[in-house]
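Chemist: Predicted model and sequence follow; I will ask about them next.
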Amino acid sequence: MTGIPCVHAIRAIYCQGLNPEDFTHPCYKVSTCKTAYDSCIMPMNGRSEWTPTGIIPPLYPKTVRSIGRPPNARRREPDELPPKRKMTAKPIINRFRVKRQQKTIKCSKCGLTGHNKKLCCNLIPLANEVKQYF
């Protein structure tokens, strides 16, 4: 057996009157774990107290963040075919379509053209809007 025996194997080992620890790999035993961590690792000094080695330190990779939204399509392998492009629907131009005539807007409050009742800034009230309370 390799590793730790499963529950069924442990039950079979117990039924035969044997010890399950004899069937486990030595790396899973407590004594092996204690010998692995027996030696103490001493803490390092600060960077200022390190001895110089004369080797040029490695440079960090140059990272450039691209502008805009990141691409959502996956990167394809060099031997893969490029994806098929969707056919974009071009607008159909109808030569016989009648275009809408632009009317000049006339205000219903003051009667002038160029604005409507909502945007009117003239203070001329209409006769039907004036309410007299007598």
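Modeler: The structure has been received and is ready for your questions.

Chemist: Show the low-confidence segments of this protein, by residue range.
Modeler: 1-2, 87-92, 94-95, 97-101, 123-134 (pLDDT under 70).

Chemist: just checking, what's the longest helix in it?
Modeler: Longest helix of the chain, by residue count under DSSP state H: helix 7-15.

Chemist: For it, enumerate the helices and strands it packs against.
Modeler: When contacts are defined as 3 or more Cβ pairs under 8 Å, 6 or more residues apart in numbering; DSSP states H and E, helix 7-15 sits against none of the other helices and strands. Backbone N, C-alpha and C define where each C-beta goes, glycine included.

Chemist: next helix or strand past that helix?
Modeler: helix 30-36 (DSSP states H and E).

Chemist: Restricting to C-alpha, output that next one in CSV.
Modeler: What follows is helix 30-36 as a C-alpha-only set of coordinates in CSV (Å, rounded to 0.1, in the frame of the first residue of the first chain):
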residue,chain,number,x,y,z
VAL,A,30,4.3,11.9,13.4
SER,A,31,8.0,11.0,13.9
THR,A,32,8.8,11.9,10.3
CYS,A,33,7.0,15.2,10.6
LYS,A,34,9.0,16.0,13.8
THR,A,35,12.3,15.2,12.1
ALA,A,36,11.4,17.3,9.1
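
Chemist: Can you tell me the element Glu77 falls in?
Modeler: Under the criterion DSSP H and E, no helix or strand holds Glu77.

Chemist: okay but Pro5 is in contact with Ile13, surely?
Modeler: Yes - using Cβ atoms under 8 Å, Pro5 is in contact with Ile13, at 6.9 Å.

Chemist: Need the overlap of contacts for these two.
Modeler: Contact criterion Cβ atoms under 8 Å, 6 or more residues apart in numbering; residues shared by Pro5 and Ile13: 20, 23.

Chemist: ok, now which ones touch Cys40?
Modeler: So Cys40 contacts nothing (Cβ under 8 Å, 6+ apart).

Chemist: With Asn116 as the reference, measure out to it.
Modeler: Taking Cβ to Cβ, to the nearest Å as the measure, Cys40 falls 87 Å from Asn116.
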